[in-house]
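Engineer: Give me a model of this one.
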Amino acid sequence: MATLKLALPKGSLQESTFALLKRAGWNCTCGSRSYVPTIDDPDIAARLVRPQEIARYVSLGLLDAGLTGYDWIYENGADVVEVAELCYSKATSHPVRWVVAVPEASPIQKVEDLEGKRIATEAVGLTKRYLAEHGVHAEVEFSWGATEVKAPELVDAIVELTETGSSLRANHLRIIDTVLTSTTRLIANKESWADPAKRAKLEQLAMLLSGALRAESKVLLKMNAKKGDVAAVASVLPALHSPTVNTLSDPSWVAIEAVVDESVVREILPKLKAAGAEGMIELALNKVVP
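Structural biologist: The predicted structure is shown next:
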């Protein structure tokens, strides 16, 4: 097949993207001054590109595919195929938000109060569409960075991306509304998606990246139990489908294993013990593909 030209996000999302690729099965490395990562797949040619630009280049066909936020697809009005939604960001696995924020002491309480005000943001198109939807006329200016420090001296409000809200709070800003909620997407150029070989590679990427993300919140529990206790033990396990049960060399005992949410393990281990489970172990997972 022709090499798949894949854009990876340069900047804050780069480290978490490389880590996700590794868990999915691809080793990707890049020097601090390089924009051409090395990836151990001869069918992929990776490039580091600012996430703000990836959707536009993919739409134009200059790149076959890329990982970027839905916000930048929306901002650029990019006509691309969204192959998969991948819920990961710089610090968490939660969606990120573009929010309207104002100084804590500002009289602005709602979007209508922005009428005639000045707003700074990196997402100018997104902000203008949001204001238009609310019938509000305001001056929207592009911010080259450090947007949080511009209010109140330079602007009345900002529209900024937030993951945890900590930076806004540190700069004494409060959120008055959410403009857009965004997650990372694997996107493809329409012509590339129509190419059978490239589509197969993209579907492989989507399946394994999604599987790696799914595995982050799950673990494999393994244990032994007497045959007579299998029903009681199985009733405690919230498995994906049903637990796997295998006979041991001693026919009166079985091995039981199940994939469960890590968050429930601390609650169910005592219950499993009481139900007759022994020799319980918990194992981390790299990928879970349903």
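Engineer: what does the helix or strand of the chain with the lowest mean pLDDT rub up against?
Structural biologist: Ranking every helix and strand in the chain by mean pLDDT, DSSP states H and E puts helix 166-170 at the bottom, with a mean of 89. Outside helix 166-170, the residues that touch it by C-beta atoms under 8 Å, 6 or more residues apart in numbering are Val99, Ala101, Glu148, Glu160, Thr162, Arg174, Ile175. Just so you know, the C-beta spots here come from the backbone N, C-alpha and C atoms, and that holds for glycine as well.
Engineer: now these in CSV, with distance to Ile44 and neighbour count?
Structural biologist: Formatted as CSV, the contacts of helix 166-170 follow (distance: C-beta to C-beta, whole Å; neighbours: other C-beta atoms under 10 Å):
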residue, distance to Ile44, neighbour count
Val99, 35, 21
Ala101, 39, 26
Glu148, 37, 19
Glu160, 33, 25
Thr162, 32, 18
Arg174, 44, 17
Ile175, 39, 15
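Engineer: buried residues in the least confident helix or strand of the chain?
Structural biologist: Leu168 (16 or more other C-beta atoms under 10 Å).
Engineer: Ok, stretch 137-154 next?
Structural biologist: Ala138, Val140, Ser143, Thr147, Glu148, Lys150, Ala151.
Engineer: Could you do stretch 113-121 as well?
Structural biologist: Going by neighbour count (16+ other C-beta under 10 Å), the buried part of stretch 113-121 is Asp113, Leu114, Lys117, Arg118, Ile119, Ala120, Thr121.
Engineer: now swap in stretch 73-82 and tell me
Structural biologist: Ile73, Tyr74, Glu75, Asn76, Ala78, Val80, Val81.
Engineer: try stretch 31-44
Structural biologist: Pro37, Ile39, Asp41, Ile44.
Engineer: so the last one touches Gln204, yeah?
Structural biologist: No. With contacts defined as C-beta atoms under 8 Å, Ile44 does not count as touching Gln204, sitting 10.1 Å away.
Engineer: for the nearest residue to Gly228 once chain neighbours are set aside, what are its contacts?
Structural biologist: Leaving out its chain neighbours, the residue that sits closest to Gly228 by C-beta to C-beta, 6 or more residues apart in numbering is Gly276, at 7.8 Å. With contact taken as C-beta under 8 Å, 6+ apart, Gly276 is in contact with Ala225, Lys226, Gly228, Asp229, Ala232, Val233.
Engineer: how much space between Gly276 and Glu257?
Structural biologist: 15 Å (C-beta to C-beta, to the nearest Å).
Engineer: Over to Lys226?
Structural biologist: Separation of Lys226 from Glu257 (C-beta to C-beta): 16 Å.
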